[in-house]
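Engineer: generate coordinates for the sequence data below:
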Amino acid sequence: MHLLSDEQLLRELRGDKAALAFRTLYERFAEKLYRLAYQKTASAQTAEEIVQEVFVGVWEKRENLLIGHVENYLLSAVRYQVINQLRAVIAQRKFVEPREQASLLMQEAELPLTVEDLQNALEKSLEVLPEKTRQIFRLSRYEYLSHREIAQRLDLTEKAVEYHITQALRHLRTHLRDFLTVLLLVHL
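Structural biologist: Numbers count the residues shown, from 1 in each chain. Here you go, the predicted structure:
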């Protein structure tokens, strides 16, 4: 099993050698995931719990997992677990003053979110959008084209461009709210 690629191990998770494939995946990635979780939380216990949650999720969903790149999937899962842990801390401290809350969170969790983390979450969120919506959003936000320029380039109406951008922004607000919460707390 140790000679199999990550993707082959994923396929084996659905077969009669699932336990062995799972153990191999765990041995291959657990230490790296732990280091990331520890870096984000500064807590050995929390980092261990996060890694365990990620692997429990993989095991429970093994029959239906659709993963393109195993390592990226696992690293993203750790990041989301860190955010969930942060949300739990926020919920526990809902009666503390907002400034004190942010200060305590950052002292306790020492959660350094980077631009790379936000960019990765943004790209992952954009991947689920329809191709046309994703294309229009990128032209608007990454190439700084106006609605009129996008409409001319793609042979659409300006109203259609506005619609797609509105849909993309609505989707991103929903899917990136965890990052926005953290950013707001950090900058209070």
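
Engineer: let me see the mean pLDDT of stretch 172-188.
Structural biologist: Per-region confidence: stretch 172-188 scores 63 on mean pLDDT.

Engineer: and for stretch 32-40?
Structural biologist: Computed over stretch 32-40, the average pLDDT equals 88.

Engineer: and if you look at stretch 66-79?
Structural biologist: 84.

Engineer: check the offset of that stretch from the chain's centre.
Structural biologist: Chain-centre distance of stretch 66-79: 9 Å, with C-alpha atoms, centre = their mean, to the nearest Å.

Engineer: now do stretch 159-171
Structural biologist: 22 Å.

Engineer: stretch 12-28 too?
Structural biologist: Computed by C-alpha atoms, centre = their mean, the chain-centroid distance of stretch 12-28 equals 24 Å.

Engineer: also stretch 42-62?
Structural biologist: On C-alpha atoms, centre = their mean, the centre of stretch 42-62 falls 15 Å from the chain's centre.

Engineer: what residues does that stretch touch?
Structural biologist: Outside stretch 42-62, the residues within contact range by C-beta atoms under 8 Å, 6 or more residues apart in numbering are 13-14, 18, 22, 25-26, 30, 33-34, 37-38, 41, 65, 74, 77-78, 81-82, 85, 109-110. The way it works is simple: take the backbone N, C-alpha and C, and place the C-beta from them, glycine included.

Engineer: for it, output the C-alpha coordinates as PDB.
Structural biologist: What follows is stretch 42-62, C-alpha atoms only, in PDB (Å, rounded to 0.1, in the frame of the first residue of the first chain):
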ATOM      1  CA  ALA A  42      -0.700  26.900  19.000                       C
ATOM      2  CA  SER A  43      -2.300  24.100  21.000                       C
ATOM      3  CA  ALA A  44      -1.100  20.500  20.800                       C
ATOM      4  CA  GLN A  45      -4.400  19.100  22.000                       C
ATOM      5  CA  THR A  46      -6.500  21.200  19.600                       C
ATOM      6  CA  ALA A  47      -4.200  20.300  16.700                       C
ATOM      7  CA  GLU A  48      -4.600  16.600  17.500                       C
ATOM      8  CA  GLU A  49      -8.300  16.900  17.700                       C
ATOM      9  CA  ILE A  50      -8.500  18.700  14.400                       C
ATOM     10  CA  VAL A  51      -6.400  16.000  12.600                       C
ATOM     11  CA  GLN A  52      -8.500  13.300  14.100                       C
ATOM     12  CA  GLU A  53     -11.700  15.100  13.000                       C
ATOM     13  CA  VAL A  54     -10.400  15.400   9.500                       C
ATOM     14  CA  PHE A  55      -9.500  11.700   9.200                       C
ATOM     15  CA  VAL A  56     -12.800  10.600  10.800                       C
ATOM     16  CA  GLY A  57     -14.500  12.700   8.100                       C
ATOM     17  CA  VAL A  58     -12.500  11.000   5.400                       C
ATOM     18  CA  TRP A  59     -13.300   7.500   6.800                       C
ATOM     19  CA  GLU A  60     -17.000   8.300   7.200                       C
ATOM     20  CA  LYS A  61     -17.300   9.800   3.700                       C
ATOM     21  CA  ARG A  62     -14.900   7.300   2.000                       C
END
